[in-house]
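A.B. asks: can you look at this prediction? I've put the sequence above it.
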Amino acid sequence: SVASQGFGTELRRELYHHINTLSHKEVDEFGTPSLITRLTSDINQLQVAVAMLIRLVVRAPFLVIGSTIMAFMIDVKLALIFVLVIPLVAIVMWLVTTRTIPFFKSIQKKLDKTSLITRENLVGARAVRAFSKQQHEIERFKDNAEDIEKAAVRAGKISALLSPVNAIILNLAIVAIIWFGGFSVNVGDLTQGQVIALVNYVDQGIITTGAVVALVNYMNQILLALVVVANLVVIFTKSAACAARVNEVLDTKPSVTETESTEENGDSSAPAVKFDKVYFSYHDNSEYALEDISFTADKGQTIGIIGGTGSGKSTLINLIPRFYDASDGLVEVYGTDVRKYSLNRLRKKIAVVPQKAVLFSGTIRENMKWGGDNITDEQIWRALKISQAYEFVEKLENGLDYKILQGGKNLSGGQKQRLTIARAIAADPEILILDDSASALDFATDAKLRTAIKENCSDMTVFIISQRANTVKNADQIIVLDDGKTVGIGTHKELLQSCTDYCQICLTQFSAEELEKEINGDE
Ligand code: ADP
Ligand code: MG
């Protein structure tokens, strides 16, 4: 118990640690449900295998080898039967194992799918109900479960051969022992001379009835040992498949790695963020999600990024904290290549508010302290004020001690967004990235939020991603993205005059007169 549980715990810890070093790219490739099955079900299986190995299997070779040696001590000729039988049994076991491993591998893969389906169904429970898709989801689950059943039954059918085939081989061996041994001891109708000869034969210690019985018993010992092993072969075959899956994760090298020079801290007088001819694709040979992006964001500037969905806005900002590495070109933070920082140091400088607001179960205070344990309540309230969350948090009966449920289920979309913004601001980063973080806020709150950030965080470099022209209008620079390429960089006014894509976005959101006024405003 100590050994197998210890093994499981160590392995689980090691795997979890390794998964945490992987970059988004590798995690995307495995998929979250698969990583979860590997961390739980696969490792449990390995743990069981170790326990069985220690308790039952280690005895088998001793019994097999010991019985063979004892057989040789009794009678060398008859013991040759043992020598014939053992390789035969080994071949049978090898055949069955190699045939079934692929099935067990596919079963574990299908379990990944079960976990994917379950996860999607539970996370998207509301969508499923809204579209009355329960029946469809039940069918999907059932199909998958039946798939697993089929594969398991097929593997089971092959494994089931093991015990009977072994029993046949070993019982035939027993028949052989009795047959050949029996000739030697059958004294039923012998002539006197023959009896004397036999007695001599027995006296020479060659064979006796007792010896034959002993040999049969040794063969039975082997049979019993192999029956146990045969029953466990299924467990081991399954575990081999699981081990391969765990190893696959452990062997994956993170694509984003830290360099040696972890002392790098950047030059505070250099531009906060600089992209130089950056290209990026999610998979090695797929098309670029970003192409030839170049811009410079000075310290304290507000940079707006606007573009249709799928134009690469989130992809672009993911390169700044090195969630992914650029395929080509240079991303610099404070004049230093992002790859030269230690990840910790780089990410301390940057706070990202992701598109999807993620809060963890715990109190509001605990969530706000993600940027550092030494964040005081005062700083938290300030951050809440800036992010326009002050009013609603204050109204909660326990204030900062309000318990957030898993996934932030007891908060509205807008409340969650404001808390994630507050969490980022509380960390007091040098670069703040808001990835469409105000999408669930009404226009007035959105405007108040931007003003508050501008007033309170004047030396923070802020990236604001939005679909709304209104949100990015006042930024120092606006980057207009279309299909992974920059189609315009400049201020609101400049872009209105030079960038047709930007004008089109604005035209759908402002009235023509408003735009007219803005273009001609200063002239
Ligand atoms: P935006 O934030 O502007 O809506 P994204 O940056 O999220 O757009 O996506 C840009 C493109 O990259 C899209 O075509 C999308 O399909 C692709 N993409 C985004 N995330 C991934 C990913 N993890 N793996 C593969 N492709 C992705
Ligand atoms: Mg996005």
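C.D. replies: Arrived safely, thanks for sending. Ligands and ions are numbered 1, 2, ... in the order given.
A.B. asks: separation between residue 41 and ligand 1?
C.D. replies: Taking Cβ to the nearest ligand atom, to the nearest Å as the measure, residue 41 falls 25 Å from ligand 1. C-betas here are computed from N, CA, C, even on glycine.
A.B. asks: so who does the nearest residue to that residue once chain neighbours are set aside touch?
C.D. replies: Take residue 41 and drop its neighbours on the chain: the residue closest to it by Cβ to Cβ, 6 or more residues apart in numbering is residue 111, 6.1 Å away. Residues near residue 111 by Cβ atoms under 8 Å, 6 or more residues apart in numbering: 37, 41, 148.
A.B. asks: grab the longest helix from this structure for me.
C.D. replies: Identified as the longest helix of the chain according to DSSP state H is helix 134-185.
A.B. asks: and it, what other elements does it pack with?
C.D. replies: Packed against helix 134-185 by the contact rule (3 or more Cβ pairs under 8 Å, 6 or more residues apart in numbering; DSSP states H and E) you find helix 76-123, helix 209-251.
A.B. asks: still on that earlier bit, top of the contacts of residue 111 by neighbour count?
C.D. replies: Compared across the contacts of residue 111, residue 37 has the highest neighbour count, 23 neighbours, by other Cβ atoms under 10 Å.
A.B. asks: ok, it - contacts?
C.D. replies: With Cβ under 8 Å, 6+ apart, residue 37 has these contacts: 108, 111-112, 115.
A.B. asks: tell me the pLDDT of it.
C.D. replies: Looking at residue 37, its pLDDT is 89.
A.B. asks: and for the one 4 residues further on?
C.D. replies: According to the per-residue confidence, residue 41 scores 90 in pLDDT.
A.B. asks: show me which residues of the protein are close to ligand 1?
C.D. replies: Within the chain, the positions near ligand 1 by Cβ under 6 Å from any ligand atom are 28, 282, 289, 307, 309-315.
A.B. asks: buried residues in stretch 99-107, which are they?
C.D. replies: Across stretch 99-107, burial judged by 16 or more other Cβ atoms under 10 Å covers 100-101, 103-107.
A.B. asks: how about low-confidence regions in this protein?
C.D. replies: For the chain, the stretches with pLDDT under 70 are 183-207, 260-263, 520-523.
A.B. asks: can you map out the strands along it?
C.D. replies: Using DSSP state E, the strands of the chain run over residues 273-280, 290-297, 302-306, 328-333, 336-337, 350-353, 362-363, 403-404, 431-435, 461-466, 477-482, 485-490.
A.B. asks: what would those strands look like in TSV with mean neighbour count and distance to residue 95?
C.D. replies: Below are those laid out as TSV (neighbours: other Cβ atoms under 10 Å; distance: least, Cβ to Cβ, whole Å):
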stretch	mean neighbour count	distance to residue 95
strand 273-280	19	49
strand 290-297	19	52
strand 302-306	25	61
strand 328-333	18	51
strand 336-337	16	56
strand 350-353	24	54
strand 362-363	14	54
strand 403-404	16	56
strand 431-435	24	56
strand 461-466	25	59
strand 477-482	22	59
strand 485-490	18	58
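A.B. asks: turn those into a markdown table, including distance to residue 235.
C.D. replies: Rendered in a markdown table, the data for those read as follows (distance: least, Cβ to Cβ, whole Å):
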| stretch | distance to residue 235 |
| --- | --- |
| strand 273-280 | 45 |
| strand 290-297 | 48 |
| strand 302-306 | 54 |
| strand 328-333 | 49 |
| strand 336-337 | 50 |
| strand 350-353 | 45 |
| strand 362-363 | 39 |
| strand 403-404 | 42 |
| strand 431-435 | 47 |
| strand 461-466 | 51 |
| strand 477-482 | 54 |
| strand 485-490 | 55 |
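A.B. asks: measure the nearest residue to residue 353 once chain neighbours are set aside to residue 226 for me?
C.D. replies: Of all residues not flanking residue 353 in the chain, residue 437 sits nearest, at 4.2 Å (Cβ to Cβ, 6+ apart). Residue 437 is 64 Å from residue 226, where distance means Cβ to Cβ, to the nearest Å.
A.B. asks: what residues does this protein have near ligand 2?
C.D. replies: Proximity of the chain to ligand 2 is confined to 314, 355 under the rule Cβ under 5 Å from the ion.
A.B. asks: which of the helices and strands packed on helix 134-185 sits most buried?
C.D. replies: helix 209-251 (a mean of 18; mean count of other Cβ atoms under 10 Å).
A.B. asks: what is that helix packed up against?
C.D. replies: Contacts defined by 3+ Cβ pairs under 8 Å, 6+ apart place helix 209-251 against helix 2-21, helix 43-52, helix 59-74, helix 76-123, helix 134-185.
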